[in-house]
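Enquirer: Model the structure of this input:
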Amino acid sequence: MFQRMPGTPVGGYDQALLEVKQRDAGRRANGVANLGVFGNADSVKTVKGFVEDESEAVRVAAQYALALLGQAEALPKLIAHLADERHEFRKRAAVALASVAGAGISCDHESLESCTAAKKDFEAWWKKSGAGLKWDAKKKSFAAVGAAEGKSSILGDGKAKKGRE
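Expert: You can find the predicted model right below:
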């Protein structure tokens, strides 16, 4: 259990750890998602414990967090959620993918049509690059292995960068 000095605010990572223990699925989902935002490689094991949660919202939040923590196996599941009718799930998927995929693909998570189109682009990207992705912990994004060898690559901020041809 956490020991705090009186008057010390709870926030960030510590708050996320408290939230994941809640019975309310919404609070638990937010806590799991925030482990991805505020956590590090040590948080992966904790987050993986929620991929089989009884609540679908928590399971989606776990995939979101795993992607933010550099776990490529979460990406196909997030890609699938881009076409979900539930805005909350589309939003988590769109934000995580735009943040870490390095594919230069984005969508308006408010629009199911926009996300469904982006889903097709992400599926093609995954099919082409998925097996050759490497996590760049410094940039907090995935990059295709061999991208620096003169092939077109994508920066972690989503801007395309052309290599030497």
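
Enquirer: show me where pLDDT drops low in this structure?
Expert: Low-confidence segments of the chain (pLDDT under 70): 1-10, 146-165.

Enquirer: The longest helix anywhere in it: which residues count as buried?
Expert: Longest helix in the chain, counting residues (DSSP state H): helix 112-129. For helix 112-129, the buried set under the neighbour-count rule, 16 or more other Cβ atoms under 10 Å, comprises Leu112, Ser114, Cys115, Ala118, Lys119, Asp121, Phe122, Trp125, Trp126, Ser129. Every C-beta, even on glycine, is put in place using the N, C-alpha and C of the backbone.

Enquirer: show me where this structure has strands.
Expert: Here the chain has its strands, by DSSP state E, at 133-136, 141-144, 153-154, 160-161.

Enquirer: same for the second one, what does it pack against?
Expert: Yep, that's strand 141-144 we're talking about. On a contact count with 3 or more Cβ pairs under 8 Å, 6 or more residues apart in numbering; DSSP states H and E, strand 141-144 meets helix 87-100, strand 133-136, strand 153-154.

Enquirer: Single out the most deeply packed of the ones you listed.
Expert: Per-stretch averages of neighbours, counted by mean count of other Cβ atoms under 10 Å, single out helix 87-100 among these, with a mean of 22.
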